[in-house]
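Engineer: build the 3D model from these lines:
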Amino acid sequence: MMNGIMIRRVLAQFYMLRVQIAGFLLQWPLSGWAFQTPLLRGLADIGNREVGMVSQLAAVQSVYLAITANLVLLWGRARLDGERVAVPQPPGQLLGPRRFISLASLLFWTGFMADVRTRSTASHFWAAAIGNLVLVLFCAVAIEELLNAFPRRGAGYRFFLLPLPGLWTDSFRWGRAYLVYVFRWVLRVKIPRRVWRTRRWILRRADRVLGPGFLDYRGMRPRGMLPGHGIALALLVLMFVTFEDSGLQFLNSGSFAYRYRLIAPCTLSMALSGALFVISVLANLAFFADRYRIPLSLVLLGWITVSTWLAGVDHLFWSEPVSPSQLGEALSPGQVLELAPKRFVVVAAAGGGIQSSGWTAQVLSGLQEDEQGPAFKRAVRVVSGVSGGALGTMFYLGTYDGVWGKAYPPAEARRRAMASSLDAVAWGLVYPDLHRLFLPVPGLMWRDADRGWALERSFAQRAGRYPGPTLLSLGPLVRSGLPVVLLNSTLTAEAMPVVFTNSRFPGPETGSTARRGIRSFHDDFRLETRLETATRLSATFPLISPAARPSELKGKNAFVDGGYFDNSGLYSLMGWLEQAGMSMPPSAPPREVLLLQIDAFPEEPGMAARRAEFSWYRQLTIPFETVVGVRESGQAERNRNEFPLLAKSLEGRLNVHLLEFRFRPSPRCALEPPPLSWHLSQLEQQCIAEAWTDPRIVESRRAVAEWLAGL
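Structural biologist: Numbering: from 1, shown residues only. Just a heads-up that it's a prediction; the model follows:
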């Protein structure tokens, strides 16, 4: 009977510690696994300036989890049973488990920082990390000593047990011997009776709301907070103030606005701040809800429902109605063809995050730097980009005057295309989006921002200015040599492609068959937006960047990544070529077209030579793997079959020749797959530069030069 009761109590304690256990596992080892994935690999790429902040936040998270876990161990039973108890005397309850939790928190910090070290480029990593850990531990010990320096009944519990002499028990003799003298003048201050009456009134009201586990009692009357809640509350307030200040620092740093730069947080520190904020909220909600036997998931669902009703979680992007005169000035594919040279170049840049952005910029700017560079710049008439390929295209446009201001050199386009935007995504996710979810106060700071807005603003700031040019404002520049850009996105409601462009494609005069199901943002929605916004919408992979709707459009249509329909950029480019070819007079001489297909990822390896063993959980994941695989293989097969048919149908008007520029990593770069996030490490940037000198790429560059020599 007693064994059964003990087992139930132990299981109840584990249940009440569920948030703390999940927090420790998220800190490590799950974070270490996440750093190895292509999507989150860039999080741990930090330098000397960021190590201290990351170490501090990880240490604060470990300390806070240990303190709240100690609170649950000490007062969880009273909370769960509804027992109004006085503080037991003397202190020293459950010292074994509490010591284990405090020691485990240090081990989890060590494991987390060791995983960060594998990706970090800091030269004095462990010196900075351990120094900041010691600073946090000193502050935690000092706060506990100060709170326990005041002699009161029930004091004496330590909530973070360091494995050091005198700090491994609930004894506070050292603190009482010194700190009481320091604060004796505070202890002698006489508190008016009115303050005591107000305090008793507050405690009675708090008892009705909070219940047992928060307060200690004399008989059935509350007389104060239980030990430990004070330090937990102090840390919670400190974390919240630091959390808000961190977001403000980043907003005013060079990532968004070139005003001034403080010690702006890095991506990983913002992710840790967000995790710490969520853990602190969930830990308090769980301790409160356990008294009423309410599942934490139900509490969260109710809170999210209320926050959605109060503040809303819709994601919008800037748009404005387009005027007929603006549309009339935009060039159609046929008009662009009339201005093009006899032999011209079109480009399809495939998607794939910042890897595609960097490789697209490397190919286009690298061809500008080759011997036939000026001829290549004049010959490029259309660039169709998807996701990261659209981003690389946006930065490549900066090599033309009037897009982002004065033209910058090709090398600068590469540098900007490879610069990280992961910090902007982290800021938008942790601050504006998290605020709307947990602090649904209308009019609150960053109320109209989200991670999509943050991402496109970082794009524009890196490209040259914010806000950037509108798409149709770039239309007149096409007459002077600027390429037509096709930035591809996908409509969620219709699952069809939509194109953002600085031209008239597909125009209203085009028949439904020739449109190939492609929607025009200008013609079909009668709306205009900015270049960086269209680029972000082409690269809107949910979770990283949210599906968004135009601010001027009603209805359910939202825009997501163009890769959902076609990740190569070929589909809309084939539609453009088809419409351009159809507009040519029958007697016109044929045009020669060189189509450059840019792909930033190496070819998939062939079938494995050995048999692979499937675990039971593969039956759960295979349906999703198949859906993703069919989408990718279906797109490739469709383009592989349609392109020869289109090229054959255009013979005599447009003679299309295909040339591929596929990223092929060097042996040292092939050890890991390219990243899928918005961050490239220094090594990954070097890998892109090395791939540009691959023999097959050099042969393709020579083929482009020979083609341009015929102009």
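Engineer: please report how far residue 665 lies from residue 458.
Structural biologist: 27 Å (C-beta to C-beta, to the nearest Å). No exception for glycine: its C-beta is placed from N, CA and C like everyone else's.
Engineer: same thing with residue 19?
Structural biologist: 33 Å.
Engineer: mind listing what's buried in stretch 266-275?
Structural biologist: Of the residues in stretch 266-275, 266-275 count as buried by neighbour count, 16 or more other C-beta atoms under 10 Å.
Engineer: just those now: which is nearest residue 243?
Structural biologist: residue 273 (5.1 Å; C-beta to C-beta).
Engineer: that closest one against residue 246, yeah?
Structural biologist: Yes - contact criterion C-beta atoms under 8 Å: residue 273 and residue 246 qualify, at 5.5 Å.
Engineer: now the common contact residues for those two.
Structural biologist: residue 265 (C-beta atoms under 8 Å, 6 or more residues apart in numbering).
Engineer: ends of stretch 316-333, what's the gap?
Structural biologist: Its first and final residues considered, stretch 316-333 spans 30 Å by C-alpha to C-alpha, to the nearest Å.
Engineer: any idea how far it is from the middle of the chain?
Structural biologist: Centre-to-centre, stretch 316-333 and its host chain are 31 Å apart (C-alpha atoms, centre = their mean, to the nearest Å).
Engineer: so which of residue 665 and residue 458 has more stuff around it?
Structural biologist: residue 458 (25 against 19; other C-beta atoms under 10 Å).
Engineer: check which helix or strand covers the more buried one.
Structural biologist: helix 451-463 (DSSP states H and E).
Engineer: quick one: distance of the very next helix or strand once past that helix to the chain centre.
Structural biologist: Next helix or strand after helix 451-463 toward the C-terminus (DSSP H and E): helix 475-478. Computed by C-alpha atoms, centre = their mean, the chain-centroid distance of helix 475-478 equals 34 Å.
Engineer: go on, stretch 393-400?
Structural biologist: For stretch 393-400, the distance to the chain centre is 24 Å (C-alpha atoms, centre = their mean).
Engineer: can you get me the start-to-end distance on it?
Structural biologist: The stretch stretch 393-400 measures 12 Å between its terminal residues, going by C-alpha to C-alpha.
Engineer: quick revisit: in helices, which of the buried residues of stretch 266-275 fall?
Structural biologist: 267-275 (DSSP state H).
Engineer: distance to residue 128 and pLDDT added to those, as a markdown table?
Structural biologist: Shown next, in a markdown table, are those (distance: C-beta to C-beta, whole Å; pLDDT from 0 to 100):
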| residue | distance to residue 128 | pLDDT |
| --- | --- | --- |
| 267 | 18 | 88 |
| 268 | 14 | 91 |
| 269 | 13 | 89 |
| 270 | 18 | 89 |
| 271 | 19 | 90 |
| 272 | 15 | 91 |
| 273 | 18 | 88 |
| 274 | 22 | 88 |
| 275 | 21 | 90 |
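Engineer: and the helix holding residue 458, what does it pack onto?
Structural biologist: Judged by 3 or more C-beta pairs under 8 Å, 6 or more residues apart in numbering; DSSP states H and E, helix 451-463 is in contact with strand 316-317, helix 388-396, helix 422-428, helix 531-538.
Engineer: in terms of secondary structure, what does the very next helix or strand once past the last one contact?
Structural biologist: Which is helix 531-538. Following helix 531-538 in sequence order, the next helix or strand is strand 549-550 (DSSP H and E). Contact partners of strand 549-550 among helices and strands, from 3+ C-beta pairs under 8 Å, 6+ apart: strand 316-317.
Engineer: let me know the next secondary structure element after the strand it packs on.
Structural biologist: Counting by DSSP H and E, the next helix or strand C-terminal to strand 316-317 is strand 320-321.
Engineer: contacting residues around that next one?
Structural biologist: 526-529, 552.
Engineer: cool, and stretch 287-304?
Structural biologist: Outside stretch 287-304, the residues touching it (C-beta under 8 Å, 6+ apart) are 15-16, 18-19, 68, 71-72, 76, 79-80, 82, 210-213, 282, 285-286, 437-438.
Engineer: so of those, which ones are in helices?
Structural biologist: Counting by DSSP H, the contacts of stretch 287-304 place 15-16, 18-19, 68, 71-72, 76, 79-80, 210, 282, 285-286, 437-438 in helices.
Engineer: which PyMOL command selects the buried ones in these?
Structural biologist: Applying 16+ other C-beta under 10 Å to the ones in helices among the contacts of stretch 287-304, the buried members can be selected in PyMOL as follows:
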select buried, resi 16+19+68+71+72+76+79+80+210+282+285+286+437
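Engineer: by neighbours, which of the contacts of strand 320-321 wins?
Structural biologist: Top of those by neighbour count (other C-beta under 10 Å): residue 529, with 26 neighbours.
Engineer: right, and that one touches residue 456 too?
Structural biologist: No - counting by C-beta under 8 Å, residue 529 sits too far from residue 456 to count as a contact (9.9 Å).
Engineer: give me the common contacts of the two.
Structural biologist: residue 317.
Engineer: which parts of the stretch 101-250 of the chain are helices?
Structural biologist: 125-149, 173-182, 184-187, 193-210, 229-251 (DSSP state H, counting those that start in this stretch).
Engineer: the contacts of strand 320-321: which two are farthest apart?
Structural biologist: 526 and 529 (11.9 Å).
Engineer: let me see the ranges of the strands in this structure.
Structural biologist: Using DSSP state E, the strands of the chain run over 215-218, 221-225, 316-317, 320-321, 343-349, 380-386, 484-491, 497-501, 519-520, 527-528, 549-550, 559-561, 591-599, 654-662.
Engineer: of those strands, which is nearest residue 710?
Structural biologist: Between residue 710 and those, the shortest separation by C-beta to C-beta is 5.8 Å, and it involves strand 343-349.
Engineer: and the average pLDDT for that closest one is what?
Structural biologist: For strand 343-349, mean pLDDT is 95.
Engineer: what does stretch 537-552 give?
Structural biologist: 84.
Engineer: quick one: buried residues of that stretch?
Structural biologist: 537-541, 544-550, 552.
Engineer: of these, closest to residue 479?
Structural biologist: residue 538 (24.5 Å).
Engineer: so the closest one sits right up against residue 392, yeah?
Structural biologist: No - Residue 538 sits out of contact with residue 392 when judged by C-beta under 8 Å, with a separation of 11.1 Å.
Engineer: what about residue 166, neighbour count?
Structural biologist: If you count neighbours by other C-beta under 10 Å, residue 166 ends up with 11.
Engineer: need phi/psi at it.
Structural biologist: Backbone geometry at residue 166, expressed as degrees, to the nearest 10, gives phi 80, psi -10.
Engineer: from residue 158, how far out is it?
Structural biologist: 10 Å.
Engineer: cool, residue 5 as well?
Structural biologist: Per C-beta to C-beta, residue 5 is found 28 Å from residue 158.
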